[in-house]
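Enquirer: Show me how the following folds:
(chains A, B, C and D)
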There are 2 protein chains.
Amino acid sequence: MSSVKNKYQFEDLLDKHQLKKTAARLRVLSMMYSKNTATSQPDLESVMQDIDRVTLYRILSVFEEKGIIHKVFDLNGTANYAVCHSDCEANHHHDEHVHFNCTACYNVYCLNELTLPDLKLPAGFRAEGFTLYASGLCPTCSKKVS
Amino acid sequence: MSSVKNKYQFEDLLDKHQLKKTAARLRVLSMMYSKNTATSQPDLESVMQDIDRVTLYRILSVFEEKGIIHKVFDLNGTANYAVCHSDCEANHHHDEHVHFNCTACYNVYCLNELTLPDLKLPAGFRAEGFTLYASGLCPTCSKKVS
DNA sequence: TTAAGTGCAAAATCTTTGCAAATGT
DNA sequence: ACATTTGCAAAGATTTTGCACTTAA
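Expert: Here you go, the predicted structure:
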């Protein structure tokens, strides 16, 4: 997966969704693509202190509507946002993957390469989507402990 | 599973955890055991309007600490609480089961009878717990639609 | 030029904290 | 009687809304 993108690809991405290419949006995109973990509103705020808190809320919100990012809740119930992959459509996300929440650093990893095993639900339940949350130690924190 | 309990069993449960048997706590227990879905703070508030909002927060909080209930977040990131089963210990919950979140009525069902299939994580990740969230239509809402 | 996006102020929620009064044991 | 629990008020935190100013196209 080509998670590394340059400035022009971010601009294209915004174009594609009929969003204006503002500095704030480009910075948010650039930050989110540079990390392999999901980003929360507090994360964004602390990194981009010169951008208004409300603007960040609105950027996350419009990116989610357009299907550029998707939302995932961590162990504390805080919303974290991660970039979507090509098969994500607006409001119909391919979030059927595994999220890993580290209990030490609280980072949320999207493990896109894993597929969920099939699962039979009790009679009457009609499942449309699945998300598996795993929690424990991520590679980085795992090293520090052992 | 004997999810139906009477007044005396709730009192025993509180006793066991060295909690005083107050009217508010007994009512919360009774409500949570009578449902097969998880309960959110807003749920509780609307049903028990005569009990102070803060008291409900504190009851949920102490029940969770003692391992009487466990927390699960629904699709909207709202905390929902469900009664724990016998193998739940304080701060070490057996929540390795499947949660089903209905997209129509937003109820959260704990499907305790299902076990999670094994899953291999990428190198470096040390998983301690798993929770699978399924979303779709619950039996009740499923009937209404078809 | 003008529609979209941003910043600021303020409102609306949600959650926590402190303390006095009430309750359970 | 005494420690716990509750209710109320108020503080904190988070998220949303309205509107004037700014910016991208």
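Enquirer: And the helices in chain A?
Expert: In chain A, the helices defined using DSSP state H lie at A:7-16, A:23-34, A:41-47, A:53-66, A:139-145.
Enquirer: so which of those gets nearest chain B?
Expert: Set against chain B and scored by Cβ to the nearest Cβ, the helices of chain A come closest in helix A:139-145, at 2.9 Å. C-beta coordinates here come from the backbone N, C-alpha and C atoms, glycine included.
Enquirer: Buried ones in the closest one, by neighbour count?
Expert: Applying a neighbour-count criterion of 16 or more other Cβ atoms under 10 Å in any protein chain shown, one finds residue A:141 buried in helix A:139-145.
Enquirer: just stretch A:13-33 next, same as before
Expert: A:13, A:14, A:25, A:27, A:28, A:29, A:32, A:33.
Enquirer: pLDDT at the residue lying closest to the second one once chain neighbours are set aside, what is it?
Expert: Nearest-residue entry for residue A:14: residue A:21, 4.9 Å, with adjacent residues in sequence omitted and distances by Cβ to Cβ, 6 or more residues apart in numbering or on different chains. In the prediction, the pLDDT value recorded for residue A:21 is 97.
Enquirer: again with residue A:89
Expert: So, for residue A:89, pLDDT stands at 48.
Enquirer: what residues does chain A put near DNA strand C?
Expert: Residues of chain A lying close to DNA strand C (Cβ under 7 Å from any atom of the strand) are A:19-20, A:22-25, A:50-52, A:54-55, A:58-59, A:62.
Enquirer: please redo it, this time with the cut-off set to 6 Å
Expert: Residues of chain A lying near DNA strand C by Cβ under 6 Å from any atom of the strand: A:19, A:20, A:22, A:24, A:25, A:51, A:52, A:54, A:55, A:58, A:59.
Enquirer: State the distance from the third one to residue A:10.
Expert: Plainly put, residue A:22 is 11 Å away from residue A:10 if you go by Cβ to Cβ, to the nearest Å.
Enquirer: picking that back up, nearest to residue B:109, out of the helices of chain A?
Expert: Ranking the helices of chain A by proximity to residue B:109 (Cβ to Cβ) places helix A:53-66 first, at 25.8 Å.
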